[in-house]
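Novice: Have a look at this fold, sequence not included:
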């Protein structure tokens, strides 16, 4: 591969790095967008089965072309700008919600060597990028010149800012255990099979992280930002066509992001659950060893939990959401961080690394 | 021109333009957004200096949290510009004088320290920037750092204690009590025959 690219590299000189990076970005982003499309399909199917329905089954075999039908439909819908809307911000808002969702993927490691940008402050970068997504929502609510949209955006802003704190503290526990902010190092620290994954010593933080992740992405049961029964559709009530599609894309991309992060930080990333699986040899390859297969399985499992929760629980009331974030999650994470720190000074320190 | 220089000039141009728009735009929400953009580009320039921890902390703290709350407040305020501009003329002399003074002081500092001297960017510390900062904050200067943290904590608690007041006439729901409720407190199951016994 490197030999094949060498002449191209020398021909482009200083511009090689940016061009080659863009190629890599496309290689990550396009499967991601297709993944989003099929996540919506999976969501409708899984929730359908949980409610003893069939789900989409008309477009293509087993309804597999449904996401494309939906996308095409949304692309061809008319964009209606409400009267009195702040035009420029109205159009910028969906992009502002999608851009951080995409940018966060820059530091996500897929295997030990396959990562776009292996930076040392990877975990901090992810925290910073996920905290930017709230701007799209706030601006959409404000620029729409609609009371429902505005209420939705205020709710969402307060919710995201509150849960970010609990989420950040959960990450502090992970970096204490891994001694690193680098995502590849964090996965490397969980080597040795499922018993060594951080989910066990950091179980309370794992639960807090997963639930805060659901709240951060405005997913059910924390989706008061778009609570249909109260404020129609919340912040994106005035959006149609491609604007709505972009919000949708950002939301599902953030879901995949949270699933990917949960698997990377707590479930051992691309590592196989049993070290013995690395020994299985098929024609010189190790199909069941550490690699993308296990990463995909873990992502799918966490995403299934997201859908499962959506099909199971009723929506939280707004004050209960705030109570859960501030009065339950933040104390739990703080206590567990102190506990980890104390245990690391005892002879049980090995359990927490 | 290398790609890095190109990036620097692009970011610097955006930064200066955005900072100018913060003070020239008429809409307070737009001004806050321009400020967000200038923070973000400043973080980009810090990244070029390989100060990745500072850059990310700037985005995380200022863009991700402080400015969100700022926007939150600005959006809900109905700022009346006419009443704000009313006293523009009477404040103009004082404002100009203070502005000129600040400008003069800044010029003195810059001329006195930087003109005629080329300052090379400090060499990046061995290992990661984040690690170097952590060593400084938590090892070398751990006591000043902890004292500063305690002072901040006291300030937070004092601010909350000063502004928080209980209003007796308002009815509050107590979510903790609601969550802890048991079925036996709300529903009484009675056992009774479903129809009249035959006479």
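Specialist: Ah, there it is. Treat the numbers as computed from the prediction; the structure is a model and nothing was measured.

Novice: okay, now residue 30: neighbour count?
Specialist: Assuming you mean chain A. Using other Cβ atoms under 10 Å in any protein chain shown, residue A:30 has 10 other residues around it. Bear in mind the C-beta positions are built from the backbone N, C-alpha and C, glycine included.

Novice: Hmm, no, I was thinking of chain B.
Specialist: Neighbour tally, residue B:30, other Cβ under 10 Å: 16.

Novice: Can I take it that it is in a helix?
Specialist: Yes: under DSSP: H, G, I helix; E, B strand; the rest coil, residue B:30 falls within a helix.

Novice: quick one: contacts for it?
Specialist: Contact analysis of residue B:30 by Cβ atoms under 8 Å, 6 or more residues apart in numbering or on different chains lists A:89, B:21.

Novice: could you redo the last one with a cut-off of 10 Å?
Specialist: Applying Cβ atoms under 10 Å, 6 or more residues apart in numbering or on different chains, we find residue B:30 in contact with A:86, A:88, A:89, B:21, B:22, B:74.

Novice: Distance-wise, check it relative to residue B:75.
Specialist: Separation of residue B:30 from residue B:75 (Cβ to Cβ, to the nearest Å): 11 Å.

Novice: Residue B:145 now?
Specialist: From residue B:145 over to residue B:75 (counting by Cβ to Cβ), the distance is 35 Å.

Novice: try residue B:88
Specialist: With distances taken as Cβ to Cβ, residue B:88 is found 25 Å from residue B:75.

Novice: same deal with residue A:188?
Specialist: With distances taken as Cβ to Cβ, residue A:188 is found 44 Å from residue B:75.

Novice: Between the two, which has more neighbouring residues?
Specialist: Each of residue A:188 and residue B:75 has its neighbours counted (other Cβ under 10 Å); residue B:75 has more, 19 against 15.

Novice: which residues does whatever residue of the stretch 201-350 of chain A ends up closest to chain B contact?
Specialist: With Cβ to the nearest Cβ, the shortest gap between the stretch 201-350 of chain A and chain B falls at residue A:323, namely 4.4 Å. Contact analysis of residue A:323 by Cβ under 10 Å, 6+ apart lists A:316, A:317, A:329, B:174, B:175, B:176, B:178, B:179.

Novice: Could you rank those by neighbour count and give me the top one?
Specialist: Counting neighbours by other Cβ under 10 Å, the one among the contacts of residue A:323 with the most is residue A:329, which has 26 neighbours.

Novice: Okay, that residue and residue B:64: tell me how far apart.
Specialist: Note on residue A:329: its distance to residue B:64, by Cβ to Cβ, is 18 Å.

Novice: Residue A:6 now?
Specialist: Residue A:6 is 41 Å from residue B:64, by Cβ to Cβ.

Novice: In terms of neighbours, single out the busier of those two.
Specialist: Taking other Cβ under 10 Å, residue A:6 and residue B:64 do not tie; residue B:64 has more neighbours (27 against 10).

Novice: Not including adjacent chain positions, what is the nearest residue to the more buried one?
Specialist: What sits nearest to residue B:64 in space, not counting adjacent residues and going by Cβ to Cβ, 6 or more residues apart in numbering or on different chains, is residue A:131, at 3.0 Å.

Novice: Would you mind identifying the next helix or strand past the helix or strand the one you found falls within?
Specialist: Taking DSSP states H and E as the criterion, residue A:131 maps to helix A:122-132. Moving toward the C-terminus from helix A:122-132, the next helix or strand (DSSP H and E) is helix A:134-143.
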